[in-house]
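Participant: Turn this into a structure:
(4 chains)
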2 protein chains.
Amino acid sequence: MTSSVAEQPKPDRYEEILSAAAECFRQQGFAATSIDTVARYLGSTKGRIYHYFPSKMDLFNVVRDRGMELAFEGVMPGYQAKTGPVERLALMAHGHVVTMIRYHAFMQVLLDGLRMRRYGATTEFQREALERHLAQRNEFERMFREVIEDGMGAGLLREGEVSFLVQSLLVAINGPVFWYVAREGDDEDKYTRIADEVVGFAMSGFGVAWTPEMTRNLKTETGVEV
Amino acid sequence: MTSSVAEQPKPDRYEEILSAAAECFRQQGFAATSIDTVARYLGSTKGRIYHYFPSKMDLFNVVRDRGMELAFEGVMPGYQAKTGPVERLALMAHGHVVTMIRYHAFMQVLLDGLRMRRYGATTEFQREALERHLAQRNEFERMFREVIEDGMGAGLLREGEVSFLVQSLLVAINGPVFWYVAREGDDEDKYTRIADEVVGFAMSGFGVAWTPEMTRNLKTETGVEV
DNA sequence: TTGACAACATACTCGGTAGTATGTTTGCCT
DNA sequence: AGGCAAACATACTACCGAGTATGTTGTCAA
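Facilitator: Predicted coordinates:
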């Protein structure tokens, strides 16, 4: 290693740019955001950004990739928990809502990007990235669908047209991305309380009465950390 | 009147352009859609569009205005129905879902536009339009909140943090705009079935078991047409 | 001390786009 | 028949923004 102080003045430009881009894309959308916009946000010029990212599209894709990673990290603990389908569903939903709020910018950009499917992706590279994201989105949906079908099969969840119910659940737990606005003093505790409320609504939508305490107990039992 | 055939070749260019714009804005978003794009979609040139609309922003605003009108039309019958809060809520939700699917393009553009609040609206005209839309959105939310609070006060709806519950309900019934994709042969009947399912989920989220038949009966009783 | 390279900033190119200015056609009125 | 205006199309301008080419500075290694 070079020196102990050498690690301090290295603010990881790459991550810095990534976060700035996520915030700009979130505020104005992909098309309306110029590279210069992101540069201004950083207090720098285009040179810096193009030094780390080959193109605007590439930068966008990396933001979305990061968003996808975070989304999966949010639901995985619940998905892999060794309990019943109802409990797993609640844990997955709760983890997802917290993720949506905590990584607000990345998640909003991610959802925005998924709606770009109709956008005529010109180059084959773009198309490849698009296909990959859609495949991951489908896998994400599949995980929820699987747990929900398990629950219905066991008679624990309200019956209904599964495809529509899955979508309704997903938009509900994606919801905070659309309506949550960061307030001064909002901390992880606040995130949890919002998640409790949203999960309560979503689980109730499946005919299950679910309380915040049940989430809390489950987390200590199964060792799932937020 | 001039002649009987004279009404045939007057396809109401204004409405034609409006629908085309809604569809283009929906597919690519406001920023990524050029006036030439809309013109190509119409099989014409910019000349036509600028003959009817002074600017791109104005065209966008008219699309959003129309979307707002349709949204209010969708929920008003339920809101004004002379029944209990639970029934009114169900009718409002049902009407809204059907509206979201039926006027898919307009509604998606509307929701997109509402997220542009952070976008630095340059001219005072734009800002005025923006404020107007936000006010209408708030009024829309208020109507739902009012009915929900009525229902909770009467002990008919599950208790909870109202603000979060309202938002959760709204994203759920807005949901189809995000996940519904038009299929060959989808008709009003299909719309109704989707709405039944979504409303079932949403009402269940408030702890109310709600069936499609209840919606059907209510509509004949109160004379609410779809 | 002198390359050499990372890490940018600056200056430029070039295609796309909003908006405008100016034809051109087609009824319609008189 | 001739004028006029609606309803466009065409041609043009001015600017913005993605990407590139080139300049500048600091740092480290030999």
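
Participant: can you give me the helices in chain A?
Facilitator: Assigned by DSSP state H, chain A shows helices spanning A:13-32, A:35-42, A:46-52, A:56-80, A:85-102, A:104-114, A:124-153, A:162-174, A:176-179, A:188-205, A:212-222.

Participant: Spit out the contact partners of the residue nearest the centre of chain A.
Facilitator: Nearest to the mean C-alpha position of chain A, by Cα atoms, centre = their mean, lies A:Ala71 at 3.7 Å. Shown in contact with A:Ala71 (Cβ atoms under 8 Å, 6 or more residues apart in numbering or on different chains): A:96, A:99, A:107, A:110, A:140. C-betas here are computed from N, CA, C, even on glycine.

Participant: and it, how far is that from DNA strand C?
Facilitator: Distance of A:Ala71 to DNA strand C, computed by Cβ to the nearest atom of the strand, to the nearest Å: 29 Å.

Participant: hang on, isn't A:Thr37 packed against A:Glu23?
Facilitator: No: counting by Cβ atoms under 8 Å, A:Thr37 stays clear of A:Glu23, with 10.3 Å between them.

Participant: Could you name the helices and strands sitting against the lowest-mean-pLDDT helix or strand in chain A?
Facilitator: In chain A, no helix or strand scores lower on mean pLDDT, DSSP states H and E than helix A:124-153, which sits at a mean of 92. The contact analysis (3 or more Cβ pairs under 8 Å, 6 or more residues apart in numbering or on different chains; DSSP states H and E) places helix A:124-153 against helix A:56-80, helix A:85-102, helix A:104-114, helix A:162-174.

Participant: The shortest one: how far from the chain's middle?
Facilitator: Counting by Cα atoms, centre = their mean, to the nearest Å, helix A:104-114 is centred 7 Å from the centre of its parent chain.

Participant: And the last one, by the same measure?
Facilitator: Taking the mean C-alpha point of helix A:162-174 and that of its whole chain, the gap between them comes to 15 Å (Cα atoms, centre = their mean).

Participant: Give me the contacts around that helix.
Facilitator: A:93, A:96-97, A:100, A:107, A:111, A:141, A:144-145, A:148-149, A:152, A:198-199, A:201-202, A:205-206, B:168, B:171-172, B:174-175, B:178-179, B:194, B:197-198, B:201-202, B:205.

Participant: now do 6 Å
Facilitator: A:93, A:96-97, A:144-145, A:202, B:168, B:171-172, B:175, B:178-179, B:197-198, B:201 (Cβ atoms under 6 Å, 6 or more residues apart in numbering or on different chains).

Participant: What is the burial count for the nearest residue to A:Tyr50 once chain neighbours are set aside?
Facilitator: Counting by Cβ to Cβ, 6 or more residues apart in numbering or on different chains, the nearest residue to A:Tyr50 once its immediate chain neighbours are dropped is A:Ile35, at 7.4 Å. Residues lying near A:Ile35 (other Cβ atoms under 10 Å in any protein chain shown) number 18.
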